[in-house]
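*Asks:* Quick one, structure for this:
(chains A and B)
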Number of protein chains: 2
Amino acid sequence: MKKILLLFVVCSFQTIFSQQVNQKDATMLRAIYDASLLNGKSYDWLDYLSNKIGGRLSGSTNAEKAVKYTKAELDQLGLDKVWLQPVMVPKWTRGLKEYAFMETGPGRTTTMDICALGGSVATPNAGLKANIVEVKNLEELATLGTEKLKGKIVFFNRPMQANLIQTFEAYGGCVDQRYSGAAEAAKYGAVGIVVRSMNLRQDDFPHTGAMSYGDLPESKRIPACAISTNGAEQLSNTLKLIPDLNFYFKQNCKVFPDVESYNVIGEITGTQYPNKYMVVGGHLDSWDLGDGSHDDGAGVVQSMDVLRLLKEIGYKPKHSIRVVLFMNEENGLRGGREYAEQALLKKENHVFALESDSGGFTPRGFSFDCDEANFAQIESWRSLFKPYLIHYFEKGGSGADIGPLKKDGMVLAGLRPDSQRYFDYHHAENDTFDAVNKRELELGAATMTSLIYLMDTYGVKNGFTQIKN
Amino acid sequence: MKKILLLFVVCSFQTIFSQQVNQKDATMLRAIYDASLLNGKSYDWLDYLSNKIGGRLSGSTNAEKAVKYTKAELDQLGLDKVWLQPVMVPKWTRGLKEYAFMETGPGRTTTMDICALGGSVATPNAGLKANIVEVKNLEELATLGTEKLKGKIVFFNRPMQANLIQTFEAYGGCVDQRYSGAAEAAKYGAVGIVVRSMNLRQDDFPHTGAMSYGDLPESKRIPACAISTNGAEQLSNTLKLIPDLNFYFKQNCKVFPDVESYNVIGEITGTQYPNKYMVVGGHLDSWDLGDGSHDDGAGVVQSMDVLRLLKEIGYKPKHSIRVVLFMNEENGLRGGREYAEQALLKKENHVFALESDSGGFTPRGFSFDCDEANFAQIESWRSLFKPYLIHYFEKGGSGADIGPLKKDGMVLAGLRPDSQRYFDYHHAENDTFDAVNKRELELGAATMTSLIYLMDTYGVKNGFTQIKN
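*Replies:* From the prediction side, this is the model:
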């Protein structure tokens, strides 16, 4: 009887304790969301970054302005440390706007909007004109071979798959055309490539993005450009009427020697585990066509606001929480690599990292790269997030910039906003401030802050900083 | 031993059977989403409704064009029946664009963008000029009373509450100012009202919407207009500097006698329960300022596509499935009431109704007005919807137009899309086609079709059409 009573008392105590913990967490999350929605700074910061600075390609003057601006803003937050971490980054410039046309008849041309892919070589000064051949994928390219491709421009025209619900999956299924298309086509003697933009919407914006020549020697590199989805349809339809269509394009891009740039870092030093680090970040660089509001201005200002929101609600983290604004995600990942390398050199023990690099849309949840024990703990927080309509907790990838930090026992996470509109803007001229909704951005910042709060409070399981709940 | 074996066999059989059923449902949902995303018609229909017809206020020529257009489109779908259901609707017109200014100094005026609220009376021909008094709510109005309000214009300036996650809740907490503000202010001798737009964003669009004078006699009715959120801030700030500020406005709206209009209805007759009806619908009328793309062109074209998608995937429903495009939701609900009244007269047994009237944004799930037994069945379908990121299944309201159908044992549901941007466009000039994303609209149509499919397959519990699973 006594044993039963004792058991009952213990159970009750545990229940009450667990309810108190949950109530405290629920109150903290409410405070975080309130602070973000009523008094968030992310939107104002994004306004400046997008409208006062603009596109921030690595090595550009704007990228340096963005470094200075975000450092100065972090300096004003009363963090324990703010500093710049030097990193050498590639410098590629687009030069004068590209020009292209189809030769639709004797002396008759139809101009087409294109943009050079990031990292592409220029065309010859006079431009490049050749027969253009449409393919759907790299396999079809190989089938055509040198015989059919030598001296030609290759037009990669595989659309993103519209019936995939996760648009990043549709992107993943297409992006090989953009990334490897030129290197592969060059092997068969092609003289240039045109790639259908990675966009699920039919519109007139060409979308740039990274490409690679792999180990192709400089003399073999051929120019590569993107064409809008509407342009791709028009080109494809014209090819049906004029199979021996000539395509002309001229682009003026240039590669310069690497230049010094910086990751921007701020830290709230932990009260209990100052030498154990949790990172939240996004990337400060962007492509040059728009102002990089969704990719990844949103992630930058949300990450900055995570630390500010923690301070605003008066939460003193146990672990050291760092915001890291990574340089050069788009065309090199040098910032992410340098941060991880320095962490290793300095034996900094990173236990958790969270990246926001999927746009500033309504947050749906997170994707986690971690072991089962940690994932089980994270899943136990579902009900805390439910009032904020955060429901997506799945295992998967995290973010490109934090990827190099990966090690056993660490938890990596990526914010997962609604992705349906993301590729309407991705790497294009219309990725601008007006495409970001203030509330959606702030909900993202609050959702990230909430996860950081919970990870800090309950610690990483089976890792280096096991904290008993 | 034999018994145990038999039990084992029965259990296995049940498991296999239940898995087959689920596999069949999963396959059907996949077919529905594929058909909507790869071959949906909703976006093209919305393009026509928005760009070729435009705003469709009850009693307007555009509303009649929308009736003809949607009827003709339904006629082409090969449904079993398509017809128009006559309904008398109110006719209110805005007339010439409104004009307003603040008198900010001697002979100095600042013009303000306003719009008449739907149903408001006009100002006198020469306009209306008076001192303007700011209040936050109806209680503050009552506190000021006749002494402070007689002969004044009342400015209702309570913003939507930004830290509410569900924006419809924030709307519900504010809309009394718009709906009842004029009737209440008139009781204290006020001569007109200006209402802050129901919008969570700071921008320059005044938002209209329904208002009521209650039982106020015609001679006592005072004109009511809305001002944008930016305009409201400007007016409020000016009032701080000039407490005895004069405000002038002129509006030219007019009420006409009721006119005949129609609900547009199409039906696939059920194979097993032809006399048991499931309805899916939206409202065909819209306010006049924009083209009503989100409110509720989206719901109209999604509902039409539900029937088309069922046909496209070759599904023959057991129950009779009706699409109903209701007339006059915005300023009268006459269509919804007439449909329910006719159903009662004709003893049509309605067992389920679903409305889409919360915008064409990414669908998150549904809100259900039903009993526990039905809700439990619906919740058992959660996992079927998970691949489509549909997670929101909550008890709550459904839709205004289907509300009058409500009776015991019936299931009512409302599609719940992401609501963060909805009030940026609601009842305003910027509720236009370009604010709707094709994929998001199509995902909504597929999600609605999936629910109709499941409700038809498994039937309504404890209602009039119990079907054994």
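
*Asks:* The spatially closest residue to residue A:246 that is not a sequence neighbour: what's it in contact with?
*Replies:* Closest residue in space to residue A:246, ignoring its immediate chain neighbours: residue A:103 at 4.0 Å, by C-beta to C-beta, 6 or more residues apart in numbering or on different chains. For every residue, glycine as well, the C-beta is placed using N, CA and C. Counting by C-beta atoms under 8 Å, 6 or more residues apart in numbering or on different chains, residue A:103 touches A:109, A:129, A:245-248.

*Asks:* For residue A:103, give its distance to residue A:129.
*Replies:* To residue A:129, residue A:103 is 8 Å away according to C-beta to C-beta, to the nearest Å.

*Asks:* State the helix or strand in which residue A:239 lies.
*Replies:* Taking DSSP states H and E as the definition, residue A:239 sits inside helix A:229-241.

*Asks:* and that helix, average pLDDT?
*Replies:* Mean per-residue pLDDT for helix A:229-241: 98.

*Asks:* any idea of the mean pLDDT for the next helix or strand after that helix?
*Replies:* As assigned by DSSP H and E, the chain's next helix or strand after helix A:229-241 is strand A:246-250. The average pLDDT for strand A:246-250 rounds to 98.

*Asks:* Check stretch A:79-94 too.
*Replies:* Rounded mean pLDDT across stretch A:79-94 is 98.

*Asks:* and the residue nearest to the spatial centre of chain A, what pLDDT?
*Replies:* Chain A has residue A:357 as the residue nearest its centroid, 3.3 Å off, counting by C-alpha atoms, centre = their mean. Per-residue confidence (pLDDT) for residue A:357: 98.

*Asks:* sec struct for it, please.
*Replies:* At residue A:357, secondary structure determined by DSSP: H, G, I helix; E, B strand; the rest coil is coil.

*Asks:* got a list of what it touches?
*Replies:* With C-beta under 8 Å, 6+ apart, residue A:357 has these contacts: A:282-283, A:295-296, A:299, A:329, A:399-401, A:414-415.

*Asks:* what does the stretch 351-469 of chain A put close to chain B?
*Replies:* A:362, A:364, A:387-389, A:391-392, A:418, A:420-421, A:424, A:437-440, A:443 (C-beta under 8 Å from any C-beta of the partner chain).

*Asks:* Now residue A:207: phi and psi?
*Replies:* The phi and psi values for residue A:207, taken as degrees, to the nearest 10, are phi -110, psi 130.

*Asks:* residues contacting the nearest residue in space to it that is not next to it in sequence?
*Replies:* Residue nearest to residue A:207 in three dimensions, not counting chain neighbours: residue A:197, with 3.9 Å by C-beta to C-beta, 6+ apart. Contact analysis of residue A:197 by C-beta under 8 Å, 6+ apart lists A:205-207, A:226-229, A:232, A:428.

*Asks:* Please identify which pair of those residues lies farthest apart.
*Replies:* Using C-beta to C-beta, the two most remote members of the contacts of residue A:197 are A:232 and A:428, lying 13.8 Å apart.

*Asks:* Can you read off the pLDDT for the residue in the stretch 251-400 of chain A that chain B sits nearest to?
*Replies:* At 4.2 Å from chain B, residue A:391 is the closest residue in the stretch 251-400 of chain A, using C-beta to the nearest C-beta. Looking at residue A:391, its pLDDT is 98.

*Asks:* Quick one: neighbours of it, just the number.
*Replies:* 17 (other C-beta atoms under 10 Å in any protein chain shown).

*Asks:* hang on, isn't it packed against residue A:365?
*Replies:* Yes - in this structure residue A:391 lies within contact range of residue A:365 using C-beta atoms under 8 Å: 5.8 Å.

*Asks:* Next, show the common contact partners of those two.
*Replies:* residue A:385.

*Asks:* where do the helices sit along the stretch 301-450 of chain A?
*Replies:* A:334-345, A:372-379, A:382-385, A:422-425, A:438-458 (DSSP state H, counting those that start in this stretch).

*Asks:* Can you name every helix or strand that the first one contacts?
*Replies:* To tie it back to what came earlier, the one meant is helix A:334-345. Packed against helix A:334-345 by the contact rule (3 or more C-beta pairs under 8 Å, 6 or more residues apart in numbering or on different chains; DSSP states H and E) you find strand A:81-93, strand A:254-268, strand A:273-283, strand A:319-326.

*Asks:* Give me the buried subset of the residues of the stretch 351-469 of chain A next to chain B.
*Replies:* Buried positions within those, assessed by neighbour count (16 or more other C-beta atoms under 10 Å in any protein chain shown), are A:362, A:364, A:388-389, A:391-392, A:418, A:420-421, A:424, A:437-440, A:443.

*Asks:* quick check: domain ranges of chain A?
*Replies:* Using automatic domain parsing, the domain ranges for chain A come out as A:32-92+A:257-458, A:96-252.

*Asks:* Figure out which of the ones you listed is closest to residue B:80.
*Replies:* From the domains of chain A, taking C-beta to C-beta, the stretch that ends up closest is domain A:96-252, at 28.8 Å.

*Asks:* first to last residue in the closest one, what's the distance?
*Replies:* 6 Å (C-alpha to C-alpha, to the nearest Å).

*Asks:* Close to chain B: what parts of chain A are there?
*Replies:* Near chain B, when you scan chain A using C-beta under 8 Å from any C-beta, you find A:33-34, A:37-38, A:162-163, A:165, A:167, A:200-201, A:362, A:364, A:387-389, A:391-392, A:418, A:420-421, A:424, A:437-440, A:443.

*Asks:* Among these, name the ones in strands.
*Replies:* A:364, A:392 (DSSP state E).

*Asks:* quick one on the thing from earlier: please name whichever of the helices and strands packed on helix A:334-345 is nearest to residue B:86.
*Replies:* Closest among those, using C-beta to C-beta: strand A:273-283, at 57.2 Å.

*Asks:* That closest one packs against which elements?
*Replies:* So strand A:273-283, by 3+ C-beta pairs under 8 Å, 6+ apart, packs with helix A:298-312, strand A:319-326, helix A:334-345, strand A:349-355, helix A:438-458.
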